[in-house]
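Novice: Predicted model and sequence follow; I will ask about them next.
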Amino acid sequence: MPAGPLRGTIRVPGDKSISHRAVMLGALAIGETRVTGLLEGEDVMATAAAMRQMGAGAAKHADGWRIHGVGVGGLLQPAMALEMGNSGTSTRLLMGLLASHAITAAFTGDASLSRRPMGRVIEPLSRIGASFTPSPGGTLPLMMTGAPVPVPIEYRLPVASAQVKSAVLLAGLNTAGITTVIEPVATRDHSERMLRGFGAELEVEELDGERIIRVRGEADLTPQTIEVPGDPSSAAFFIVAATLIEGSDLTIENVGLNPTRAGLIDVLRQMGASIEELNAREVGGEPVADLRVRHAALSCIAVDPALAPSMIDEFPVLFVAAALAQGRTVTRGLDELRVKESDRLAVMAAALTAAGARVEETADGLIIDGTGGEPLRGTANARVKTHLDHRIAMSLAIAGLASQAGVEIDDTRPIDTSFPGFIPLIEGLRHSS
Ligand code: S3P
């Protein structure tokens, strides 16, 4: 039987992207940065451990996290390999930071991270003067040595990637002169917002539809007090669940609504979802609101590929919504999904098909024929594979709520990389209704 209605008020953990950046920039500001709402998932903890290995302090106290920074240029040579676990953001942003520090470091990761392409950061960071010895295919494990005299570059992003943009900007912090990144397509701008917040000289110019971002190097960062808003990518699972399950009326408090992250909400609204923004305000330099989501019937959509960067992590759960919508949903231009924690097009196509959805995988997207609101069949005796991908695991948990037989997944552990407490939260909602 599909789950009963989701009702009540919840909060989701802090934003993963903002949490990584708070720890990294705090570690580069001389003095104490205080952070509340930090996501304590494994990915952010990998960043914190790495910063400690390089001389910074990062510790949890009763009133939040305190980061003791060493100053731009002050990172120390780590004595052991930097263990990045599942976290692409930790890896690529830290490679950027280290690229302009004359230290040598090894990066290692789990099986998922060790398959992901690092050439996209190695290429610009080599131009700055860093050198790299990656594994075949440009992957982890890898060794790198930062440039003793880093050179400022102007870099036009060949892929829409906030991680690549941020890696170059972070390298620019300890590089004399102006480092420039040109973004033909806007991606999440948390690095720019937070760099400014810490006092870096950073300018953004919009020219012919492109964003030109310039940061002045040898920056002096000033410690900050940061409140991390709730992660819209974590809220996404509950937004979709409440939309799909009849009788639901769920409020998710304190959700970050930075426009470079809020694409899913636009798309779901276009499909007919009822998502109300209450108590709009600003938290930690980011727009935030409480979201009230009520059940609504969804209709299909052709998702505008231009929206992809603003909802890049939300496609797995959008595919679940599409599987229960009325009609045929078409997505394309999503090649990047193939190099996330798993190949999210192939993995979601296989998993949703196993759960009874009608899905066709194309080279760069999925075509999904929805049930028109009828619950999916579910997976009965088969366990679907999540391939060490937290967002696949959580998306399939939502598909399970909206199915007759439930969806059984092979591994729930990766959920802790971004959303500790997801399963108890969902169980609590199911049982309180
Ligand atoms: C992130 C950027 C995105 C996103 C990831 C977090 C970030 O990756 O998928 O979960 O914090 O900068 P890409 O830059 O590879 O698109």
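Specialist: All right, it came through fine. Residues are numbered from 1 along each chain as shown.
Novice: For residue 286, which residues count as its bridge partners?
Specialist: Beta-bridge partners for residue 286, by DSSP bridges, are residue 283.
Novice: I meant residue 67, not that one.
Specialist: Residues in beta-bridge contact with residue 67 (DSSP bridges): residue 33, residue 58.
Novice: For residue 310, which three-state class applies?
Specialist: helix (DSSP: H, G, I helix; E, B strand; the rest coil).
Novice: give the contact list for it.
Specialist: Counting by Cβ atoms under 8 Å, 6 or more residues apart in numbering, residue 310 makes contact with 186, 188, 259, 260, 261, 262, 263, 266. The way it works is simple: take the backbone N, C-alpha and C, and place the C-beta from them, glycine included.
Novice: how about a cut-off of 10 Å?
Specialist: Going by Cβ atoms under 10 Å, 6 or more residues apart in numbering, residue 310 touches 160, 185-188, 232, 258-267.
Novice: Which one of the residues you listed sits in the busiest neighbourhood?
Specialist: For those, the largest number of neighbours (other Cβ atoms under 10 Å) sits with residue 261, at 30 neighbours.
Novice: how about it, phi and psi?
Specialist: phi -130, psi -10 (degrees, to the nearest 10).
Novice: And the strands in the stretch 251-400 of the chain, which stretches?
Specialist: Counting by DSSP state E, counting those that start in this stretch, the stretch 251-400 of the chain has strands at residues 274-283, 286-294, 328-330, 358-362, 365-369, 383-384.
Novice: among these, which gets the worst mean confidence?
Specialist: Among these, strand 383-384 has the lowest mean pLDDT, at a mean of 94.
Novice: Tell me the strands beside it, with direction?
Specialist: Using DSSP bridges, the strands paired with strand 383-384 are strand 408-409 (parallel).
Novice: and the stretch 101-250 of the chain, which residues reach the ligand?
Specialist: 161, 162, 163, 166, 188 (Cβ under 6 Å from any ligand atom).
Novice: So which of these belong to strands?
Specialist: Among these, no member falls in strands (criterion: DSSP state E).
Novice: For my notes, please list those in CSV and give distance to residue 214 for each entry.
Specialist: Below are those laid out as CSV (distance: Cβ to Cβ, whole Å):
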residue, distance to residue 214
161, 19
162, 17
163, 19
166, 14
188, 18
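Novice: So which of these wins on neighbours?
Specialist: Sorting these by how many neighbours each has (other Cβ under 10 Å) puts residue 166 first, at 29 neighbours.
Novice: Check the strands of the stretch 251-400 of the chain for me and report the most buried one.
Specialist: The highest mean neighbour count among the strands of the stretch 251-400 of the chain, using mean count of other Cβ atoms under 10 Å, belongs to strand 365-369: a mean of 22.
Novice: Name the spans of this protein whose pLDDT lies under the cut-off.
Specialist: For the chain, the stretches with pLDDT under 70 are 1, 433.
Novice: Against the ligand, how distant is residue 421?
Specialist: To the ligand, residue 421 is 19 Å away according to Cβ to the nearest ligand atom, to the nearest Å.
Novice: Check residue 214 too.
Specialist: Taken as Cβ to the nearest ligand atom, the span from residue 214 to the ligand is 19 Å.
Novice: Sticking with that residue, tell me its helix or strand.
Specialist: strand 210-216 (DSSP states H and E).
Novice: so how far is the following helix or strand past that strand off the chain centroid?
Specialist: Downstream of strand 210-216, the next assigned helix or strand under DSSP H and E is strand 225-227. Centroid separation between strand 225-227 and its chain, computed with Cα atoms, centre = their mean, to the nearest Å, is 19 Å.
Novice: again with stretch 140-148
Specialist: With Cα atoms, centre = their mean, you get 24 Å for stretch 140-148.
Novice: In it, which residues are buried?
Specialist: For stretch 140-148, burial by neighbour count (16 or more other Cβ atoms under 10 Å) applies to 140, 142, 144, 145, 146, 147.
Novice: For the third one, name its beta-bridge partners.
Specialist: Beta-bridge pairing for residue 144 (DSSP bridges): residue 105, residue 132.
Novice: how much space between it and the ligand?
Specialist: 19 Å.
Novice: what does the fifth one give?
Specialist: Residue 146 sits 20 Å away from the ligand, taking Cβ to the nearest ligand atom as the criterion.
Novice: how about that residue, what does it touch?
Specialist: 75, 77, 95-105, 125, 128-131, 171, 174.
Novice: what about the nearest residue to it once chain neighbours are set aside, which SS state?
Specialist: The shortest distance from residue 146 to any non-neighbouring residue, by Cβ to Cβ, 6 or more residues apart in numbering, is to residue 101 (4.4 Å). Assigned by three-state DSSP, the conformation of residue 101 is coil.
Novice: contacting residues around residue 101?
Specialist: Listed by Cβ under 10 Å, 6+ apart, the contact partners of residue 101 are 54, 72-77, 130, 145-148, 150, 171, 173-174.
Novice: mind listing the helices for the stretch 101-250 of the chain?
Specialist: 119-128, 162-173, 190-197, 232-244 (DSSP state H, counting those that start in this stretch).
Novice: And stretch 127-136, end to end?
Specialist: End-to-end distance for stretch 127-136, by Cα to Cα, to the nearest Å: 20 Å.
Novice: For that stretch, buried residues please.
Specialist: For stretch 127-136, a neighbour-count test (16+ other Cβ under 10 Å) marks 127, 128, 129, 130, 132, 134 as buried.
Novice: quick one: which of the residues of the stretch 101-250 of the chain next to the ligand is nearest residue 88?
Specialist: Checking these against residue 88 with Cβ to Cβ, the nearest one is residue 163 at 6.5 Å.
Novice: Is it correct that that closest one is in contact with residue 16?
Specialist: No - applying Cβ atoms under 10 Å, one finds residue 163 not in contact with residue 16, separated by 11.9 Å.
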